[in-house]
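Asks: fold the following and give me the result.
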Amino acid sequence: MRSNVLAVAAIALACTSAGVSANADAEAAPADYFLAALANHCGQAFAGRITANQPAPTAPDPFEGKTLVMHVRGCDDPGREIRVPFHVGDDRSRTWVLTRTVDGLRLKHDHRHEDGRPDAVTMYGGDTAEPGTAQRQAFPVDAESVALFQREGLNASLNNTWAMELVPARTFVYELSRPGGRLFRVEFDLTAPVALPPAPWGADD
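Replies: As a prediction, this is how the structure comes out:
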């Protein structure tokens, strides 16, 4: 518990020194607690399982039958940004990028090809519109991502909301939802670290 408190204090101090006012930092405190809890798992990887996938896919599901692993890997500046590659079987194209903003958190999806080139659909996501809680942060799609989805003909994604949930030392959840009933959730067991996967495609090291 003491280490968690110290981590949160250090992150709050880093945010203040980065130009976030004391009032803004207090209002966005859940974002700092969320980042601190995730940072406690830096250098670890965890296996996941799909707990919701509605409606059932009509086309072949890229996640079906695949080993799902998240790796809390990019922690050079955990008070500002944490990068979490999400491996689907041998596919190492996905990395979640969580960044501290003045008002909360930003989630972006960094998608790469095997040779490291950015995918045509990459760096999409959104910023938190509400403070959220220390255990749940939600990210409505931003205007930049809407324009990207429209350009690429991905109209089903125009109303995406992503969310992440973290119960310290227990579970981490990645979620995608849409107003029409789409719900996709992957739950990772934080109590049982697994072997570290290879670096994600496009990583510097």
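Asks: show me where this protein has its strands.
Replies: 45-54, 68-71, 74-77, 81-88, 91-100, 105-111, 124-127, 136-140, 161-167, 171-177, 183-194 (DSSP state E).
Asks: quick one: the first one to strand 183-194, angle?
Replies: Here strand 45-54 points in a direction 160 degrees away from that of strand 183-194 (axes from the mean of the first three to the mean of the last three CA atoms, to 10 degrees).
Asks: got the buried residues for strand 45-54?
Replies: 45-46, 48, 53 (16 or more other CB atoms under 10 Å). Where you see a C-beta, it was placed from the backbone N, CA and C, and this is true even at glycine.
Asks: low pLDDT regions in the chain?
Replies: By pLDDT under 70, the weakly predicted segments of the chain are 1-28, 205.
Asks: quick check, central residue of it?
Replies: Taking CA atoms, centre = their mean, the centroid of the chain lies closest to W96, which sits 4.3 Å from it.
Asks: wait, it touches H111, no?
Replies: No: using CB atoms under 8 Å as the test, W96 is too far from H111 to be in contact (10.6 Å).
Asks: distance of the closest residue to I50 other than its chain neighbours relative to K66?
Replies: Spatial nearest neighbour of I50, chain neighbours left out: V186 (5.6 Å); criterion: CB to CB, 6 or more residues apart in numbering. V186 sits 11 Å away from K66, going by CB to CB, to the nearest Å.
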